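**Student:** Just need the structure, nothing else, for what follows:
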Amino acid sequence: MVQKKGRHTAAFLLILLAEGPAYGHQLLTRLQNELPFFLTDSPSVYRSLQEMEERGWLEACWETENSGQPRKWYHITEQGIEVLHGETQDILRRQANFNFFLTRYLTLFPNRESKL
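**Tutor:** Here you go, the predicted structure:
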């Protein structure tokens, strides 16, 4: 089976940031803990955050007041919210295709449902 890494990393990061500001490691930990199948790595997450910041989808600021290492906090922008709406439409279309596939598959192989 071929697994693609990070196809929707930006969408997942945007949805988490729509819930509130966060820093990179916090976002990575949430993706690892909350997604059923997290198929990307730390460099991909940080690369996505950098690209989204460059595109204006996120704004970032450094927190240096607390003890310990400085943290770069990310906030979603209005442009990022618009991109999130578009990503949602893409995911809904893909979901419809997956539902079509699963319906056909389970019709052809009904005994496999318990193994999925």
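**Student:** Find the residue ranges of this protein scoring beneath the pLDDT cut-off.
**Tutor:** 1-6, 114-116 (pLDDT under 70).
**Student:** cutoff 50 now
**Tutor:** The model of the chain has pLDDT under 50 over residues 1-3.
**Student:** Just want the most central residue of it.
**Tutor:** With distances taken as C-alpha atoms, centre = their mean, the residue of the chain nearest its centroid is residue 12 (1.7 Å).
**Student:** which residue packs closest to that one, ignoring adjacent ones?
**Tutor:** Nearest residue to residue 12 in three dimensions, chain neighbours excluded: residue 31, at 6.0 Å (C-beta to C-beta, 6 or more residues apart in numbering). (C-beta placed from N, C-alpha, C; glycine too.)
**Student:** Likewise for residue 30?
**Tutor:** residue 16 (5.7 Å).
**Student:** Settle this for me: the one you found is touching residue 22, isn't it.
**Tutor:** Yes. Assessed by C-beta atoms under 8 Å, residue 16 is found in contact with residue 22 at 6.4 Å.
**Student:** more crowded one of these two?
**Tutor:** residue 22 (20 against 17; other C-beta atoms under 10 Å).
**Student:** can you pull the contacts of that one?
**Tutor:** The contact partners of residue 22, by C-beta atoms under 8 Å, 6 or more residues apart in numbering, come to 16, 30, 73-74.
**Student:** So which of the residues you listed are in helices?
**Tutor:** Using DSSP state H, the members of the contacts of residue 22 that fall in helices are 16, 30.
**Student:** any chance of the contacts of residue 22 in a markdown table, plus distance to residue 51?
**Tutor:** Output for the contacts of residue 22, formatted as a markdown table (distance: C-beta to C-beta, whole Å):
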| residue | distance to residue 51 |
| --- | --- |
| 16 | 16 |
| 30 | 19 |
| 73 | 17 |
| 74 | 12 |
